[in-house]
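Participant: Next come a sequence and a model predicted from it.
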Amino acid sequence: MKISASVYSSKEGSLNETVANLDAHGIDYLHIDCRDNPSVFDDIESIRSYSDTPIDLHLITSNPEQYFERINALGVELVTLQYEDLQGYEYKGGLNSKMGLSIITPTPVSAFDAGAEYYDFILMMATTPGESGGRFNKINFRKIREFKKAYPKKQVHVDGGVNDEVSFILRNMGVHASVVGSYLFKDQPLGAALLNLKTYDIDSPYSVGDFMRAREESPIVAKQDADLETVLKTIDRFKLGFAILEDENHKIIGIVSNADLRREVLKNVHTPTNISLEKMINTNPIIISDETSVTDMLKFLKDFDFPINYLPVVTSNGQLQGVVSFLNLVKGEL
């Protein structure tokens with residue numbers, strides 16, 4: 001996951017010193033907020049004279065076109081427009097930048113629909129706008145999944161409340177970039193903060209239930225529907241590499257994975273009529289509680305000497321709640 005440093009969040013040193021420090025630590029983007037303030041572009045021009053790091057401009061205005069000529073002249077790489085401030089304006093092109101649309105937490109992701117052909121990514125504001133150091137609103141975990149389902153080829157960026165534990169969850173969800181401000185410049189060296197944002201050794205107050213795929217997003221097959229064709233179609237539709245079978249009380253019967261399927265087919269490749277769904281089912285899968293913290297989940301995973309790509313999530317009474325998938329981490333957080 002890329003880190004976009006909110007340069008105006010630094011309260012120590014000059015802008016030049018802040019940018020030089022970020023560049024020395026290999027920051028991915030320089031995030032700059034502009035709320036109808038032309039002097040921001042003078043800052044960008046100054047930064048261009050000594051830094052090659054891509055500029056990530058968040059343009060908050062009802063009339064973005066007034067800045068288009070300057071943005072193109074400066075070669076700004078990323079520009080995000082704030083949906084709630086546009087007041088009916090619809091972007092139809094005109095900038096050479098990679099474009100994003102930003103929405104605050106109460107705004108549905110469907111706000112992206114009207115201009116989807118013009119935008120490359122969505123920026124989800126996960127705290128109250130203008131609130132420095134605010135806590136990440138976990139409603140946005142659901143919104144990220146909802147957006148990625150609707151627009152699998154578009155990127156998700158997140159701004160607000162991102163620290164080490166939130167970063168791990170967002171990386172696991174396949175978020176492309178996170179805007180980080182107060183966490184980078186408060187109470188610890190910049191290098192240590194950046195390392196924490198990109199590593200797995202974290203201390204998290206969030207639980208598995210906060211960011212798991214809910215039941216409706218998970219490849220679950222009811223016992224009464226569990227025939228081979230239905231299981232195969234479910235694996236194919238959800239594209240996670242497995243399906244979970246459950247009984248009428250939402251208790252797990254077992255899991256059928258691509259590997260289970262492959263082994264059964266190979267065993268009966270010359271006698272395909274002997275292929276049996278029942279023989280594919282792993283009736284003792286590894287599961288995790290929805291109340292488990294992210295920290296404890298990582299400790300749990302480290303106890304196994306083989307990679308775990310997904311975990312069914314259950315309640316304290318064993319009812320299936322959803323799934324945690326580690327697909328994006330396995331893919332190298334592309």
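Facilitator: Received the coordinates, thanks. Numbering: from 1, shown residues only.
Participant: Helix, strand, or coil at the residue nearest the centre of the chain?
Facilitator: By C-alpha atoms, centre = their mean, the mean C-alpha position of the chain lies nearest to residue 175, the distance being 2.7 Å. Here residue 175 takes the coil state, with states given by DSSP: H, G, I helix; E, B strand; the rest coil.
Participant: Please report the confidence value the model assigns to it.
Facilitator: pLDDT, residue 175: 92.
Participant: What residues does it make contact with?
Facilitator: For residue 175, the contact set (C-beta atoms under 8 Å, 6 or more residues apart in numbering) comprises 1, 144, 156, 157, 158. Every residue, glycine included, has its C-beta placed from N, CA and C.
Participant: Including neighbour count, could the residues you listed go into a markdown table?
Facilitator: Formatted as a markdown table, these follow (neighbours: other C-beta atoms under 10 Å):
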| residue | neighbour count |
| --- | --- |
| 1 | 23 |
| 144 | 22 |
| 156 | 25 |
| 157 | 26 |
| 158 | 27 |
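Participant: check contacts around the closest residue to residue 257 other than its chain neighbours.
Facilitator: Of all residues not flanking residue 257 in the chain, residue 242 sits nearest, at 4.2 Å (C-beta to C-beta, 6 or more residues apart in numbering). Shown in contact with residue 242 (C-beta under 8 Å, 6+ apart): 219, 235, 255, 256, 257, 258, 310.
Participant: can you confirm the second one is in a helix?
Facilitator: Yes - the assignment for residue 235, made by three-state DSSP, places it in a helix.
Participant: Thought residue 3 was touching residue 180, still the case?
Facilitator: Yes - with contact taken as C-beta atoms under 8 Å, residue 180 and residue 3 are classed as touching, separated by 5.8 Å.
Participant: Between the two, which is the more surrounded one?
Facilitator: In this comparison of residue 180 against residue 3, neighbours counted by other C-beta atoms under 10 Å, the higher total goes to residue 180 at 26 against 22.
Participant: Any figure for the gap between the more buried one and residue 166?
Facilitator: When C-beta to C-beta, to the nearest Å is the yardstick, residue 180 and residue 166 sit 10 Å from each other.
Participant: ok, now residue 320?
Facilitator: Using C-beta to C-beta, residue 320 is found at 26 Å from residue 166.
Participant: The two: which has the busier surroundings?
Facilitator: Under the criterion of other C-beta under 10 Å, the comparison of residue 320 against residue 166 puts residue 166 first, with 29 against 23.
Participant: Assign that one to one of the three secondary structure states.
Facilitator: Secondary structure state of residue 166, per three-state DSSP, is helix.
Participant: My guess is it contacts residue 138. True?
Facilitator: No - with the criterion set as C-beta under 8 Å, residue 166 and residue 138 do not qualify as a contacting pair; they are 9.2 Å apart.
Participant: Touching both of these two, which residues are there?
Facilitator: With contacts taken as C-beta under 8 Å, 6+ apart, residue 166 and residue 138 have residue 206 as neighbours in common.
Participant: Surely residue 293 and residue 210 touch.
Facilitator: No - in terms of C-beta under 8 Å, residue 293 does not count as a neighbour of residue 210; the distance is 9.7 Å.
Participant: and residue 228, what is it in contact with?
Facilitator: Residue 228 is in contact with 275, 277, counting by C-beta under 8 Å, 6+ apart.
Participant: try 6 Å
Facilitator: For residue 228, the set of contacting residues under the criterion of C-beta atoms under 6 Å, 6 or more residues apart in numbering consists of residue 277.
Participant: what separates residue 257 from residue 308, distance-wise?
Facilitator: In this structure, residue 257 and residue 308 are separated by 11 Å, where distance is defined by C-beta to C-beta.
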